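Novice: fold the following for me, if possible:
(one chain, ligands or ions: 1)
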Amino acid sequence: MSFIPPPSAIRSIMANAPNNAINLAIGEPVYPPPTEVLRAVAEKVAYWSHGYSPNAGLPALREIIASQYEPTASADEICVTCGAQEALYVVCHTLLDRGDQALVPNPGFLAYPNLVRMAGGSPIEYPMPLHSGERFDIEALRRLISNRTRLMIVNSPSNPNGYCLKESELAEIAGLCASNGIIIVSDEVYRELYFGKQRPSGVRAVWQDCVTISSVSKMFSMTGWRLGWAAAPRHMMPAFTRVHQYLTTCAPVISQQATLTLLQHPATPEYLSDMRKELKKRRDMLSWVLRNLPEWHVNPPNAGLFLFAQVAPDWQESPAEIMLEKYQILSVPGNAFGSRGRGFLRLSFAAAQDAIKRAGERLNQADSYAAGDILAGK
Ligand SMILES: Cc1ncc(COP(=O)(O)O)c(C=O)c1O
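Specialist: Got it, this is the predicted structure:
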């Protein structure tokens with residue numbers, strides 16, 4: 001029988017939440033999508049084709065996605081999918097044979113080990129740094145490689161902790177993978193959500209023979225559009241496209257047309273820059289609130305949507321339960337992302353400022369209102 005994944009810890013936490021709970025477990029920005037683009041989409045939608053598109057996506061959309069890579073890709077190296085999630089499934093299903101091993105991050109996005117098992121492979125966990133003060137342990141990675149290792153999933157900026165692999169770390173990883181015939185699958189869904197001056201590095205800058213996955217979900221606050229893609233060397237595309245074809249035929253054509261409008265729209269760059277500023281404010285508010293909790297260690301990330309906080313010793317057994325029972329705040333326990341997350345709690349600053357302020361109040365940080373206002377520039 002095929003592998004059926006266990007229920008998602010995050011979905012169960014949300015499903016069992018009391019009505020008055022403040023949701024800091026959420027993995028999607030509580031932020032409006034670009035209004036001008038939505039208006040343009042509404043004006044055009046009736047005139048669009050409502051039939052299937054080519055399996056790999058509309059040629060014009062593949063072209064604009066390809067042109068945004070550095071170094072640029074070509075349209076025939078892009079397959080448009082139903083979100084990054086489907087791209088991850090297609091890539092694992094295509095590249096893994098039964099018994100192959102795939103290196104996955106710990107802590108890491110909880111879908112990875114399940115997607116690898118669903119493709120008949122075995123996930124092998126490699127340590128991801130727990131915060132920006134740590135360096136990636138390339139020697140630990142080297143020790144995990146065997147003659148069955150087929151691919152490595154890299155997620156930078158990372159879910160759950162926003163860790164951004166430096167270009168030098170990516171180059172070391174790429175060198176090791178290249179010399180062992182391992183394909184890198186780079187999940188970059190959080191790469192546009194950064195708070196420093198520069199966009200975090202991507203694998204493609206150091207090794208073009210990788211698979212890159214992204215989507216409009218997080219960066220444009222459009223998780224429901226279900227629009228993502230995989231960029232990969234041309235020779236992999238026929239197999240990816242055929243697996244994708246038998247799963248979904250093509251990504252929803254309305255979402256493809258809408259994404260094309262989005263990526264061509266003059267308001268889009270400013271939208272992204274405003275969203276980064278807003279998320280940075282929320283990150284700072286939430287960090288401020290948590291930093292005052294005795295014996296907690298909070299290291300604000302440079303990208304992504306989450307704070308991965310090390311909780312006080314008396315919280316370590318069941319941090320998310322304590323957060324919910326004592327303060328009615330929803331969060332995700334660190335060990336949902338792998339054994340190295342034990343003793344940590346993932347809290348999302350994708351939540352609205354008001355929710356973060358109310359969470360601060362519940363955590364008995366009376367000053368958080370004032371701090372929230374100052375940080376929000378009010
Ligand atoms: C690291 C990571 N990759 C992929 C996804 C899936 O994104 P999409 O909505 O594009 O399918 C998520 C969603 O939470 C994620 O955190």
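
Novice: now for Leu88: which residues touch it?
Specialist: Contacts here follow Cβ atoms under 8 Å, 6 or more residues apart in numbering; on that basis Leu88 touches Ala111, Tyr112, Leu115, Ile153, Val185, Asp187, Ile213. Heads up, the C-betas are built off the backbone N, CA and C, glycines and all.

Novice: in the stretch 151-300 of the chain, which spans are helices?
Specialist: In the stretch 151-300 of the chain, the segments counted as helices under DSSP state H, counting those that start in this stretch are 167-179, 237-248, 253-264, 268-291.

Novice: neighbouring contacts of the third one?
Specialist: I take that to be helix 253-264. Judged by Cβ under 8 Å, 6+ apart, the contacts made with helix 253-264 from elsewhere in the structure are 34, 37, 40-41, 44-45, 48-53, 57-58, 60-61, 64-65, 68, 80, 216, 220, 225-227, 250, 268.

Novice: domain map for the protein?
Specialist: For the chain, the structural domains run 9-33+269-375, 49-264, going by automatic domain parsing.

Novice: any of the contacts of helix 253-264 buried? List them.
Specialist: The neighbour-count test (16 or more other Cβ atoms under 10 Å) marks 34, 37, 40-41, 53, 57-58, 61, 64-65, 80, 216, 220, 225-227, 250, 268 as buried among those.

Novice: return the subset of those residues lying in strands.
Specialist: Of the positions in those, Val80 sit in strands, assigned by DSSP state E.

Novice: circling back to that earlier point, could I get the helices of the stretch 151-300 of the chain as TSV with distance to the ligand and mean pLDDT?
Specialist: As requested, the helices of the stretch 151-300 of the chain are exported to TSV (distance: least, Cβ to the nearest ligand atom, whole Å; pLDDT from 0 to 100):
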stretch	distance to the ligand	mean pLDDT
helix 167-179	16	98
helix 237-248	12	98
helix 253-264	11	98
helix 268-291	15	96
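
Novice: right, so those: which one is the most enclosed?
Specialist: Among the helices of the stretch 151-300 of the chain, ranked by average contacts under mean count of other Cβ atoms under 10 Å, first place goes to helix 253-264 (a mean of 21).

Novice: what angle do that helix and helix 268-291 make?
Specialist: Angular relation of helix 253-264 and helix 268-291 on a 0 to 180 degree scale: 90 degrees, by axes from the mean of the first three to the mean of the last three Cα atoms, to 10 degrees.

Novice: who touches stretch 34-46?
Specialist: Applying Cβ under 8 Å, 6+ apart, the external contacts of stretch 34-46 come out as Phe220, Ile254, Gln257, Ala258, Thr261, Leu262, His265, Ala267, Thr268, Tyr271.

Novice: what mean pLDDT does it get?
Specialist: For stretch 34-46, the mean per-residue pLDDT is 97.

Novice: how distant is that stretch from the center of its chain?
Specialist: Between the mean C-alpha point of stretch 34-46 and the mean C-alpha point of its chain there is a distance of 26 Å (Cα atoms, centre = their mean, to the nearest Å).

Novice: now stretch 48-59
Specialist: Shown here is stretch 48-59, whose average C-alpha point lies 26 Å from the average C-alpha point of the whole chain (Cα atoms, centre = their mean).

Novice: what does stretch 344-352 give?
Specialist: For stretch 344-352, the distance from its own C-alpha centre to the chain's C-alpha centre is 13 Å (Cα atoms, centre = their mean).

Novice: start to end distance for it?
Specialist: The first and final residues of stretch 344-352 sit 22 Å from each other (Cα to Cα, to the nearest Å).

Novice: that one and the ligand, any residue contact?
Specialist: No. Under the criterion of Cβ under 6 Å from any ligand atom, the ligand is not reached by stretch 344-352; the shortest gap measures 10.2 Å.

Novice: let me see the ranges of the strands in this structure.
Specialist: Using DSSP E, strands in the chain cover 22-23, 78-81, 101-106, 122-127, 149-155, 183-187, 211-215, 228-231, 306-310, 329-330, 332-333, 344-348.

Novice: as CSV, the ones you listed with mean pLDDT would be great.
Specialist: Below are the strands of the chain laid out as CSV (pLDDT from 0 to 100):
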stretch, mean pLDDT
strand 22-23, 96
strand 78-81, 98
strand 101-106, 98
strand 122-127, 98
strand 149-155, 98
strand 183-187, 98
strand 211-215, 98
strand 228-231, 98
strand 306-310, 98
strand 329-330, 96
strand 332-333, 96
strand 344-348, 98
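
Novice: closest to Arg142 out of these?
Specialist: Minimum separation from Arg142 across the strands of the chain (Cβ to Cβ) falls at strand 122-127, 9.8 Å.

Novice: mind giving me the packing neighbours of the closest one?
Specialist: Contact analysis of strand 122-127 by 3 or more Cβ pairs under 8 Å, 6 or more residues apart in numbering; DSSP states H and E lists strand 101-106, helix 111-118, helix 138-144 as its packing neighbours.

Novice: okay, those, which one's buried deepest?
Specialist: Here the criterion is mean neighbour count by mean count of other Cβ under 10 Å, and of these the winner is strand 101-106, at a mean of 24.

Novice: show me what that one is in contact with.
Specialist: When contacts are defined by Cβ under 8 Å, 6+ apart, strand 101-106 is touched by residues 92, 96, 112-113, 116, 121-128, 141, 144-146, 148-155, 158, 182, 337-341.

Novice: that strand pairs with which strands?
Specialist: The sheet places strand 101-106 alongside strand 122-127 (parallel), strand 149-155 (parallel), with pairing taken from DSSP bridges.

Novice: okay, those in TSV with distance to Val243 next?
Specialist: Formatted as TSV, the entries for those read as follows, by distance: least, Cβ to Cβ, whole Å:
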stretch	distance to Val243
strand 122-127	19
strand 149-155	15
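
Novice: need the winner for burial among those.
Specialist: Comparing the strands paired with strand 101-106 by mean neighbour count (mean count of other Cβ under 10 Å), strand 149-155 ranks first with a mean of 24.

Novice: please consider this matter closed, and thank you.
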